[in-house]
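A.B. asks: Build me a model:
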Amino acid sequence: MNFYTIAESVSSKQKIKHSEFLAFLLPINSVQEAESIISQHRKELPNATHHCYAYIYGFNQEIQFYSDGGEPSGTAGKPILNTLLSSNMTNILAIVTRYFGGTKLGTAGLAKAYAGAVQAALTNAKTIPAIHYSNYHLVLDYEGINTLKYKISCLEGLILKEKWDQRAELQVQIPEEQSKEWEEFLNGLKPKLYLNYKKEE
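C.D. replies: Reported below is the predicted structural model:
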């Protein structure tokens, strides 16, 4: 089964029986990052009635966690998580913040509202395949840049950072399954120009 994540953060807003439900979806690179984002989110919106959330991490959805954030058990966190799972998402955090409007929704109504808020945000999100990347740090002569960038494009890799000095310095991500071909390519360039690279853990 193929899993997906989101290219960038996205949000949605819904009003149900005078209560506001704000959904925030964010890509995550670790459980620690998810917990840090949740903590910061609570500080930024201290007047909200509830902050409910779920996150999934791992290229096979190995880590799954949710919280009802003070809502009745099973009415918020689990519906949020299930909405992410039904869309085959991973490496993602969903937070739904509620401002209570005075009208109770009941357990079924709450579950529907929280799931619906996440689904609305997913509709607005740009989803991308969740791929395991290898990270490389490279330093090379400028005459090798065009050849290098072409190969990165062919392997569906990413250039994260570029620094231009006496030589070019790049931070590159290559899909793990393409890393052998990538390293063979780099080793083939070495006799032709200055090139130093390191695979980062």
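A.B. asks: for the record, mean pLDDT for the lengthiest helix in the chain?
C.D. replies: Longest helix of the chain, by residue count under DSSP state H: helix 106-124. Per-residue pLDDT over helix 106-124 has a mean of 96.
A.B. asks: Next: stretch 83-97.
C.D. replies: 97.
A.B. asks: which of the residues in it are buried?
C.D. replies: Residues of stretch 83-97 classed as buried: Thr83, Leu84, Ser87, Met89, Thr90, Asn91, Ile92, Leu93, Ala94, Ile95, Val96, Thr97 (neighbour count, 16 or more other CB atoms under 10 Å). Any C-beta I mention is one placed from the backbone N, CA and C, and that applies to glycine too.
A.B. asks: Which of those residues sits closest to Gln178?
C.D. replies: Set against Gln178, the nearest of the buried residues of stretch 83-97 by CB to CB is Asn91 (19.1 Å).
A.B. asks: can you pull the contacts of Tyr4?
C.D. replies: Ser87, Asn88, Met89, Thr90, Thr127, Ile128, Pro129, Ala130 (CB atoms under 8 Å, 6 or more residues apart in numbering).
A.B. asks: Identify the residue spatially nearest to it, adjacent ones excluded.
C.D. replies: Thr127 (4.5 Å; CB to CB, 6 or more residues apart in numbering).
A.B. asks: swap in Pro175?
C.D. replies: Ile131 (5.1 Å).
A.B. asks: Start from the N-terminal end of the chain and give the strands.
C.D. replies: For the chain, the strands defined by DSSP state E occupy 4-6, 10-16, 19-27, 50-57, 63-67, 92-99, 127-129, 133-140, 158-164, 168-175, 195-200.
A.B. asks: domains for the chain, by residue range?
C.D. replies: 4-129, 133-200 (automatic domain parsing).
A.B. asks: Thanks a lot, see you next time.
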